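In: build me a model from this:
(2 chains)
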Amino acid sequence: MTSKEKKKLEKLGKLRHSMAHVMAGAVLKMMPEAKFAIGPSIENGFYYDFDLPRKLTNEDLDKIEEGMKEIIKESVPFEREVLSRAEALEMFRDQPYKVELINDLPEGEEISIFKMGDIFCDLCRGPHVEDTSRLNAQGFKLLSIAGAYWRGDEKRPMLQRIYATAFGDGKALKAHLEFLEEMEKRDHRRVGKEQDLFSLHEEAGPGLVYWHPKGARIRVTIEDFWRKQHYKNGYEMVFTPHVGKSWLWETSGHLDFYKEGMYPKMVMDNVDYYAKPMNCPFHIMIYNNGKHSYRELPFRWAELGTVYRYERSGTLHGLLRVRGFTQDDAHLICTPDQMQSEISEVLRFSLFMLRSFGFKDISAYLSTMPEKSVGEKNRWDAATDSLRKAIEDEGLEYKVDEGGGAFYGPKIDLKVKDTMGREWQLSTIQFDFNLPDRFDMTFVDSDGVEKRPYVIHRALLGSIERFFGVLIENYGGAFPVWLSPVQVKVIPVGNKFDSYAKEVEKALRQAEILVEGDYSDDRMNAKIRNAQNKKIPYMLVVGEKEMNDKAVSIRVRTGEQTNAVPLDEAITLIQDKIARKEMP
RNA sequence: GCCAAAAUAGCUCAGGGGUAGAGCAACGCUCUCGUAAAGCGUAGGUCGUGGGUUCAAUUCCCACUUUUGGCUCCA
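Out: Residues are numbered from 1 along each chain as shown, chains lettered A, B, ... in the order given. Next up is the predicted model:
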């Protein structure tokens, strides 16, 4: 970010934060009993949390918005004052949340308040605009009412939060509202319905995904590519069961530390079984099936492993947060000597995969040893160093989350930015110092001594379901040709040309192109419209001329049109686009 | 899980204490069509589930289920 951009953001932040005070003022006017929590500026806007005598309705939002516009019109000044702790506590004695905030301020910290005329006064660090006339009455919009726990803690009171978006002027606001509309259009749940890709069924189990034929085609494309690349990169595939006896989960520690994330037990013949929330114990079972020499290592075992986890009911969301999903999992089992090269390789591989799917803007997050952890410090240090070196060698931008690692090992997470500028965490590469001990994994080293191997978990796409959701939103349903579930729609201009269209269809299918013909009695215009709406990359329109010349008319979903293309040329062109993973 | 809102035809949605409505999709018929919607017709619903109030509930009330927006952004 340039310093100019930073300044602009700071200015917007000041504006939004001031706007939050204006909103609080309007709410106070409406409900004098209101208790105020916090009201920061956030990305694209601001919010304020209130404890109110009654529930807010959407009509209230309109009234509050009106109230805010009035305050803005009145050019109310913002004035800063510095108070002693005692004065501040006295001033906010009727505001329990503010009192808590004041009491939590560290000793010696300056306590300041901002007065907005006699309308509203808030404990606040600032800064603010000089007066409310600096705010734009056309530049904001209250968006939604939401519940939010005081300080994000579910044991504390639930407050009412009003979210708003705000910009310097009406034009920027309009642009942002249009952006939100565009997001709605790209929503994977909406596109999933429009293109008949997948469904979820409350009566059959929430958070469990059904892949329809079109969605399954995309999934198969993803998986085929994934398997091929894994074999090319020295991995082996494994398949493991979906359930395991409690012994397995006791040994792994999941029943001690992860039980609330697991589906409850099934009992068969008086024995407890659990659906797997992770694949790792199964892969370790394969490893422990025999004795291993250092000469065999490293093992790279991959599995598209479907796992089941309990996600809190309120957090389920389309494909992005589900209860049953398929991890593109793998475990690297290696000697200490091999660790660095394995990490570097898997990071490189990960970047290759993400880029293959069109994600170019990738950043890394390195999470280091937390306070509570297992495993020897020197192993943590070596592992963390290898992760850091791998990131730096790739020249990736990265942030360090000190102490943010899991208790069993440090990790790298990769985040991609999609075409709409949103970040998604996809890949994760994670050391495990817990399971090798628990399962007593060993290899015989060159000196004949049994030693502990390093175990690294990794998922490149994360989960197939979630990745699919991200892909849909990234492309807004207009996939590159290789991922499109229908790459070509053959459209005869009239039923007279159905037989030639079928010939074309057959030729394309022989060329391994995903093709469908439209033999409905719709008019050609309607057929084109239907194909456009499904975002099918190529429409091959055929009629008399094409039939006579063994040709097709190519209409790309962008609207481009090329007439009289010989059929074999059209096939080559489409095959080429598929091979290059390009847009049509 | 918690707060709020929602659930009506396959989809998008309207309606409202007294026989349930539209558009699109589906199906049938007519038209045989040249680059983003031909015309006519037919069928389609225990109004999410269970309970209550009422002469009468899809509508009002309660519970449940599911979905949606939130629950990290620090005065």
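In: check what pLDDT the residue in the stretch 251-400 of chain A positioned nearest to RNA strand B gets.
Out: Nearest residue of the stretch 251-400 of chain A to RNA strand B (Cβ to the nearest atom of the strand) works out as A:Gly314 at 2.2 Å. From N, CA and C alone the C-beta is placed, and that goes for glycine too. pLDDT for A:Gly314: 85.
In: give me the pLDDT for A:Asp521.
Out: According to the prediction, A:Asp521 has pLDDT 89.
In: okay, now the residue nearest to it when sequence neighbours are not counted: neighbour count?
Out: Spatial nearest neighbour of A:Asp521, excluding adjacent residues (Cβ to Cβ, 6 or more residues apart in numbering): A:Asn495 at 6.7 Å. Burial measure for A:Asn495: 11 neighbouring residues, criterion other Cβ atoms under 10 Å.
In: pretty sure A:Asn495 contacts A:Ser520?
Out: No: here A:Asn495 does not reach A:Ser520: they are 9.2 Å apart, not a contact under Cβ atoms under 8 Å.
In: which bits of the stretch 451-584 of chain A sit near RNA strand B?
Out: A:493-496, A:520-526, A:528-529, A:532-533, A:539, A:541-546, A:553, A:555, A:557, A:559, A:561, A:563 (Cβ under 7 Å from any atom of the strand).
In: what's the answer for the stretch 101-250 of chain A, then?
Out: Residues of the stretch 101-250 of chain A lying close to RNA strand B (Cβ under 7 Å from any atom of the strand) are A:101-102, A:105, A:109-112, A:122-125, A:144-149, A:151-154, A:158, A:160-161, A:163, A:189, A:193, A:200, A:202, A:206-207.
In: give me the subset of the residues you listed that lies in helices.
Out: Residues of these located in helices (DSSP state H): A:Leu101, A:Ile102, A:Arg189, A:Lys193.
In: from A:Ser199, how far off is the third one?
Out: In this view, A:Arg189 and A:Ser199 are 10 Å apart by Cβ to Cβ, to the nearest Å.
In: look at these two and report which has more neighbours.
Out: Applying other Cβ under 10 Å to A:Arg189 and A:Ser199 shows that A:Arg189 carries more neighbours, namely 18 against 14.
In: hmm, back to that, are any of the residues of the stretch 101-250 of chain A next to RNA strand B buried, and if so which?
Out: Among those, those buried by neighbour count (16 or more other Cβ atoms under 10 Å) are A:101-102, A:111, A:122-124, A:145, A:148, A:151, A:160-161, A:163, A:189, A:200, A:207.
In: what's the farthest-apart pair in the residues you listed?
Out: A:Ile111 and A:Leu200 (50.3 Å; Cβ to Cβ).
In: next one: phi and psi at the residue most central in space within chain A?
Out: Residue closest to the average C-alpha location in chain A (Cα atoms, centre = their mean): A:Trp424, at 3.6 Å. Reported as degrees, to the nearest 10, the phi and psi values for A:Trp424 are phi -130, psi 130.
In: tell me who's in contact with it.
Out: The contact partners of A:Trp424, by Cβ atoms under 8 Å, 6 or more residues apart in numbering, come to A:Lys415, A:Val416, A:Asp418, A:Val470.
In: how about the secondary structure of A:Gly469?
Out: Here A:Gly469 is recorded as helix under DSSP: H, G, I helix; E, B strand; the rest coil.
In: break down the stretch 401-550 of chain A into its helices, ranges please.
Out: Using DSSP state H, counting those that start in this stretch, the helices of the stretch 401-550 of chain A run over residues A:435-438, A:464-475, A:498-510, A:524-533, A:544-549.
In: which residues touch the first one?
Out: This points to helix A:435-438. A:251-253, A:280-281, A:284, A:374-375, A:408, A:441, A:452-455.
In: repeat that for 10 Å
Out: Outside helix A:435-438, the residues within contact range by Cβ atoms under 10 Å, 6 or more residues apart in numbering are A:250-254, A:278, A:280-281, A:283-284, A:287, A:331, A:333, A:374-375, A:408-409, A:432, A:441-442, A:452-455, A:457.
In: likewise the last one?
Out: Surrounding helix A:544-549, the residues in contact under the criterion Cβ under 10 Å, 6+ apart are A:492-494, A:496-497, A:499-501, A:503-504, A:540, A:551-553, A:563-567.
In: same thing but 8 Å
Out: A:Val493, A:Phe497, A:Tyr500, A:Ala551, A:Val552, A:Ser553, A:Ala564, A:Pro566.
In: gap between that helix and the chain center?
Out: In terms of Cα atoms, centre = their mean, to the nearest Å, the centre of helix A:544-549 is found 48 Å from the chain centre.
In: one more: the third one?
Out: When distances are taken as Cα atoms, centre = their mean, helix A:498-510 is centred 40 Å away from the chain's centroid.
In: the helices in the stretch 151-300 of chain A, which residues?
Out: Here the stretch 151-300 of chain A has its helices, by DSSP H, counting those that start in this stretch, at A:170-186, A:188-194, A:213-232, A:246-252, A:254-257, A:280-287.
In: ok, and for the shortest one, which residues are buried?
Out: By 16+ other Cβ under 10 Å, the buried positions in helix A:254-257 come out as A:His254, A:Leu255.
In: pLDDT averaged over that helix - what is it?
Out: Averaging pLDDT along helix A:254-257 gives 90.
In: ok, residues contacting it?
Out: Contacts with helix A:254-257, where a contact means Cβ under 8 Å, 6+ apart, come from A:Ser246, A:Trp249, A:Glu250, A:Met262, A:Tyr274, A:Pro277, A:Met278, A:Pro281.
In: just these now: which is nearest A:Ala383?
Out: Set against A:Ala383, the nearest of these by Cβ to Cβ is A:Met278 (19.4 Å).
In: what about the closest one, how many neighbours?
Out: Neighbours of A:Met278 using other Cβ under 10 Å come to 20.
In: which phi and psi does it have?
Out: According to degrees, to the nearest 10, A:Met278 has phi -150, psi 160.
In: quick check: it touching A:Tyr308?
Out: No: A:Met278 lies out of contact with A:Tyr308 (Cβ under 8 Å); the separation is 10.1 Å.
In: roughly how far does A:Met278 sit from A:Thr240?
Out: With Cβ to Cβ as the criterion, A:Met278 and A:Thr240 are 11 Å apart.
In: and A:Asn434, what's its pLDDT?
Out: Listed pLDDT for A:Asn434 reads 94.
In: surely it and A:Phe407 touch.
Out: Yes: A:Asn434 lies in contact with A:Phe407 (Cβ under 8 Å); the separation is 7.3 Å.
In: give me the common contacts of the two.
Out: Counting by Cβ under 8 Å, 6+ apart, the shared contacts of A:Asn434 and A:Phe407 are A:Val374.
In: so the residue nearest to A:Ala330 when sequence neighbours are not counted, which of the three states?
Out: With sequence-adjacent residues excluded and distances taken as Cβ to Cβ, 6+ apart, A:Ala330 is closest to A:Ala302, at 3.8 Å. Assigned with three-state DSSP, A:Ala302 falls in the strand class.
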